[in-house]
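> Sequence first, predicted coordinates after that:
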Amino acid sequence: MPPRSPSPSSSSLPPSRSPSPSSSPSPSSSRAALVAVLRAAGCVFAEDEAELILGAARTPDEAAAMAERRAAGLPLEHVVGWAEFHGLRITVEPGVFVPRRRTEFLVDQALAAVPHASVVVDLCCGSGAVGAALAASLGPVELHAADIDPAAVRCARRNVADYGGHVYAGDLFAALPGRLRGGIDLLAANVPYVPSGEVPLLPTEARDHEPLTALDGGGDGLDVLRRVAAEAPHWLAPGGCLLVETSERQAPAAVEAFTRGGLTVRLADDEERYAHVVVGTRVR
């Protein structure tokens, strides 16, 4: 997501009057009103957000209500109901983790690492954005996804349905069918990696509107990553790859966790998106 200035806890649109049939607000006046509300709430990209809200709303009243929710601090993606990710429009429901644009780098690295993958797993899938993007680029694949959060599972099922994907509720590998053990070509795990002590410092949009399980990675932020790295070699096919997003500061410890799991490791980064991905391969 693009950075935004913090929004105040509440805001409201200017008082409205019921227009007569001949005095309905013009599109330009509606847009101006939305921009004013969003700008007053501290939205840095008020003009762009107003356009997205107008595109998603069915009526001016609905657009006004959506602007109110956005001004009150709800993530824009939750307001309009979707997020753009790797060229796809991903459905994002309230309470579900919003896919970040930097995570597109994980998808790119996965496609480069295993361009002919046939069995793909999106672990800690959230909305299922990563799995959907991989399936859309790879062509026909056997796609599986899992998350511990029931709301995320419901949302992911909508996003991977067009690719024949299967989504499971549960804790990491325990959620997956046992038959996948030793047969996964591509395992993408966008694990939570914010250290517990830093969660209160996150932007309000994330802290108040996204599930803690998608953000909090434990004391140093790597608790879930270590669990995934330790168990992944038992689930990967020979030559299969595990890819996990992390931060620059955490990268050395993440690489160490992959190495302890017996994977051949490399670190990839993208300075423009400030993205860091650890890629581990099970030796054939």
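Arrived safely.

> Spatially central residue in the protein, please.
Nearest to the geometric centre of the chain sits P99, at 1.9 Å (C-alpha atoms, centre = their mean).

> who touches the nearest residue to that residue once chain neighbours are set aside in this structure?
Computed as C-beta to C-beta, 6 or more residues apart in numbering, the closest residue to P99 that is not its neighbour in sequence is A129, at 3.8 Å. (Each C-beta comes from the backbone N, C-alpha and C, glycine too.) For A129, the contacting residues are 83, 85-86, 88, 90, 99, 103, 159, by C-beta atoms under 8 Å, 6 or more residues apart in numbering.

> what would these look like in CSV with secondary structure, pLDDT and distance to E51?
Below are the contacts of A129 laid out as CSV (DSSP: H, G, I helix; E, B strand; the rest coil; pLDDT from 0 to 100; distance: C-beta to C-beta, whole Å):
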residue, secondary structure, pLDDT, distance to E51
A83, strand, 95, 15
F85, strand, 97, 19
H86, coil, 97, 21
L88, strand, 97, 19
I90, strand, 97, 19
P99, coil, 96, 20
T103, helix, 97, 24
N159, helix, 98, 23
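
> Most widely separated two among those residues?
When C-beta to C-beta is used, the two most widely separated members of those are T103 and N159, lying 14.0 Å apart.

> quick one: which of these two has more around it?
A direct count of neighbours by other C-beta atoms under 10 Å for T103 and N159 places N159 higher, at 30 against 21.

> Would you list the strands that the lengthiest strand in the chain pairs with, along with their directions?
Of all the segments of type strand in the chain, defined by DSSP state E, the longest one is strand 236-246. Partners of strand 236-246 in the sheet, by DSSP bridges, are strand 184-189 (parallel), strand 275-281 (antiparallel).

> Can I get the last one as PDB, trimmed to CA atoms?
Written as PDB, here are the backbone C-alpha positions of strand 275-281 (Å, rounded to 0.1, in the frame of the first residue of the first chain):
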ATOM      1  CA  ALA A 275      11.300  -5.700  -0.200                       C
ATOM      2  CA  HIS A 276      13.400  -8.500   1.200                       C
ATOM      3  CA  VAL A 277      12.800 -12.200   0.400                       C
ATOM      4  CA  VAL A 278      14.600 -15.300   1.600                       C
ATOM      5  CA  VAL A 279      14.600 -18.100  -1.000                       C
ATOM      6  CA  GLY A 280      15.300 -21.600   0.200                       C
ATOM      7  CA  THR A 281      15.700 -24.600  -2.100                       C
END
